[in-house]
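Asks: Generate a structure from the sequence data that follows.
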Amino acid sequence: MKPIEGVWMRYGMMFIAFVTCVVQAASNSYAQMEKDPKELSALVELAEMKFGPLPAEHPLRMLIGTVMEGTASVFSNRSHEKLNPDIAPEDWDARTVLKSEHIVWLLTASEAASHVTHRGVVIVGARIEGRLDFSFASLSFPVSFINCSIPNGMNFYQAELRTLVLSGSHLGNEDSSKQSLGGHLVSIQGHLLLARGFVSTGEIDLTGARIGGVLDCGGAKMKRLTVTDSGAQGIVLNAENSTIGGSVLFYDKFESYGLIRLNNARIGGQLLCAEALMKNPKGQVLNADGAAFSNAVLFKKGFVSDGEIRFVGATIRSAFEFDGAKLQGTESGGHGRRALFADSVKIGGSLQFINGFAANGELKLSLADIRGSLELDGAVLKKEVDPIVWTRDRVS
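Replies: Now for the predicted structure:
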């Protein structure tokens, strides 16, 4: 099995298994609530002391019940179009709208969080009013917001948690000058899943983050409506100085409109970009200067960039592969059109531009240190590759 196939199979099956568990849990949630309503009374009483009376159909009551039983809280089955955060709140059923302060209290206040089971919290199809602020919180259980609308975004500044799943959810709104997800110095023991229809309008800040598992952005859309003085779009995902134990995945029709920063990141698995569009015509689409990858960096068939890709001074311990990818460069400060800027990159395996790879712009790899082979089989280049220092016998 090829590495790329292994990644897709492993994480695809992981996600399918996770969703299956959620669906199975959700199918029993209402029945279990009707069976033992008295077991909810203690925590409901605490909530009413904090927030006032909670009518029978209040969404916090449902959330409390399902959280105590370790099942999913399914508030609606809205399609992705109807999760748009800019849809007026009045177009939502009141029973599907949760206040951020209610969720934060339930997950962080010791008297409430002690009732959360090891299965954690799974919220499906809700609209969240207000910004979810989990800054400095320590959550000993998984947290999932699936197909939720979160117009004001969320904070996990210096927070600690097991796993965070935001798949299918919409974060941020048309005021994309604000961070949709503030995760500076967050510590996630397992995976961060921003996949399967996840939409972010604004910056996702993961600077200095520590993620033990995979960062999965398969099928996500990240956009930034604000532009810099040069006309380039702003940062959509900033994982500078982060440490990620697993792979970083952009695939399954992933789209980004702005800059993805992986500068000086330490990534234990692969960087995979396949069936993905990264667009920032007047700037950079991906900056991994100084980053270290313990596995391969793969740009596969279906990947299209419209903007510059950078790996200056990066270390890649395995292959650096452009297999069928299409790179549309950008004008670079008087240096002409540039598609790839990777001076002084260290590559432990081969450097490949193969199988119909095409670039409109310079591929600059001056002083690159490549331990494996250099392959240009079937590549279509509109600019010549810069001189490469190719060294087989020097360990990077």
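Asks: tell me what the helix or strand where Leu249 lies is packed against?
Replies: Take DSSP states H and E as the rule and Leu249 turns out to sit in strand 248-250. For strand 248-250, the elements it packs on are strand 215-216, strand 271-273, judged by 3 or more Cβ pairs under 8 Å, 6 or more residues apart in numbering; DSSP states H and E. For the C-beta atoms, the positions are set from N, CA and C on the backbone; glycine is no exception.
Asks: which of those sits most buried?
Replies: strand 215-216 (a mean of 28; mean count of other Cβ atoms under 10 Å).
Asks: partners of the helix or strand following that strand in the sheet?
Replies: Tracing the chain C-terminally past strand 215-216 and defining elements by DSSP H and E, one meets strand 221-223 next. Looking at strand 221-223 with DSSP bridges, its paired strands and their directions are strand 199-201 (parallel), strand 254-257 (parallel).
Asks: which of the residues in the strand holding Leu249 are buried?
Replies: Taking 16 or more other Cβ atoms under 10 Å as the neighbour-count basis, strand 248-250 is seen to contain the buried residues Val248, Leu249, Phe250.
Asks: Describe which strands it pairs with in its sheet and in which direction.
Replies: Applying DSSP bridges, one finds strand 248-250 paired with strand 215-216 (parallel), strand 271-273 (parallel).
Asks: Tabulate those (JSON lines), appending distance to Phe353 and mean pLDDT.
Replies: Output for the strands paired with strand 248-250, formatted as JSON lines (distance: least, Cβ to Cβ, whole Å; pLDDT from 0 to 100):
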{"stretch": "strand 215-216", "distance to Phe353": "26", "mean pLDDT": "98"}
{"stretch": "strand 271-273", "distance to Phe353": "14", "mean pLDDT": "98"}
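Asks: and of those, who's closest to Ser169?
Replies: Distances from Ser169 to each of these were compared by Cβ to Cβ, and the smallest falls on strand 215-216, at 13.6 Å.
Asks: Can you tell me what sits against the closest one?
Replies: Outside of strand 215-216, the residues that reach it under the criterion Cβ atoms under 8 Å, 6 or more residues apart in numbering are 11, 15, 191-195, 206, 239, 244, 246-249.
Asks: Tabulate those residues in JSON lines, adding columns for distance to Gly52.
Replies: Shown next, in JSON lines, are those (distance: Cβ to Cβ, whole Å):
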{"residue": "Tyr11", "distance to Gly52": "43"}
{"residue": "Phe15", "distance to Gly52": "39"}
{"residue": "His191", "distance to Gly52": "37"}
{"residue": "Leu192", "distance to Gly52": "35"}
{"residue": "Leu193", "distance to Gly52": "35"}
{"residue": "Leu194", "distance to Gly52": "35"}
{"residue": "Ala195", "distance to Gly52": "37"}
{"residue": "Leu206", "distance to Gly52": "37"}
{"residue": "Ala239", "distance to Gly52": "41"}
{"residue": "Ile244", "distance to Gly52": "43"}
{"residue": "Gly246", "distance to Gly52": "44"}
{"residue": "Ser247", "distance to Gly52": "46"}
{"residue": "Val248", "distance to Gly52": "44"}
{"residue": "Leu249", "distance to Gly52": "44"}
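Asks: Just the CA coordinates for stretch 102-113, please, in PDB.
Replies: Provided in PDB are the C-alpha atoms of stretch 102-113 (Å, rounded to 0.1, in the frame of the first residue of the first chain):
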ATOM      1  CA  HIS A 102     -24.500  27.700  29.000                       C
ATOM      2  CA  ILE A 103     -22.100  25.400  27.200                       C
ATOM      3  CA  VAL A 104     -19.000  26.900  28.800                       C
ATOM      4  CA  TRP A 105     -20.500  26.500  32.300                       C
ATOM      5  CA  LEU A 106     -21.500  22.900  31.600                       C
ATOM      6  CA  LEU A 107     -18.000  21.900  30.400                       C
ATOM      7  CA  THR A 108     -15.800  23.900  32.700                       C
ATOM      8  CA  ALA A 109     -17.500  24.600  36.100                       C
ATOM      9  CA  SER A 110     -16.400  21.800  38.500                       C
ATOM     10  CA  GLU A 111     -20.000  21.200  39.800                       C
ATOM     11  CA  ALA A 112     -21.200  20.700  36.300                       C
ATOM     12  CA  ALA A 113     -18.300  19.100  34.400                       C
END
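Asks: Make a markdown table from the contacts of strand 215-216 and add distance to Gln284 and pLDDT to it.
Replies: A markdown table is the format used below for the contacts of strand 215-216 (distance: Cβ to Cβ, whole Å; pLDDT from 0 to 100):
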| residue | distance to Gln284 | pLDDT |
| --- | --- | --- |
| Tyr11 | 26 | 54 |
| Phe15 | 29 | 51 |
| His191 | 27 | 98 |
| Leu192 | 23 | 98 |
| Leu193 | 25 | 98 |
| Leu194 | 20 | 98 |
| Ala195 | 23 | 95 |
| Leu206 | 17 | 98 |
| Ala239 | 14 | 98 |
| Ile244 | 20 | 98 |
| Gly246 | 24 | 98 |
| Ser247 | 22 | 98 |
| Val248 | 17 | 98 |
| Leu249 | 20 | 98 |
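Asks: Now list the buried members of the residues you listed.
Replies: Among the contacts of strand 215-216, the ones that count as buried by 16+ other Cβ under 10 Å are 11, 15, 191-195, 206, 239, 244, 246-249.
Asks: now for the longest strand along the chain, which elements pack on it?
Replies: What stands out as the longest strand in the chain, according to DSSP state E, is strand 276-287. In terms of contact count using 3+ Cβ pairs under 8 Å, 6+ apart, strand 276-287 is assigned the packing partners strand 254-257, strand 259-261, strand 304-310, strand 330-331.
Asks: Check which helices and strands the strand or helix carrying Arg338 sits against.
Replies: Counting by DSSP H and E, the secondary-structure element that holds Arg338 is strand 337-341. Packing contacts for strand 337-341, counted by 3+ Cβ pairs under 8 Å, 6+ apart, involve strand 304-310, strand 326-328, strand 330-331, strand 358-360, strand 362-364.
Asks: neighbouring strands for that strand, and are they parallel or not?
Replies: Strand 337-341 has its sheet partners listed here by DSSP bridges as strand 304-310 (parallel), strand 330-331 (antiparallel), strand 362-364 (parallel).
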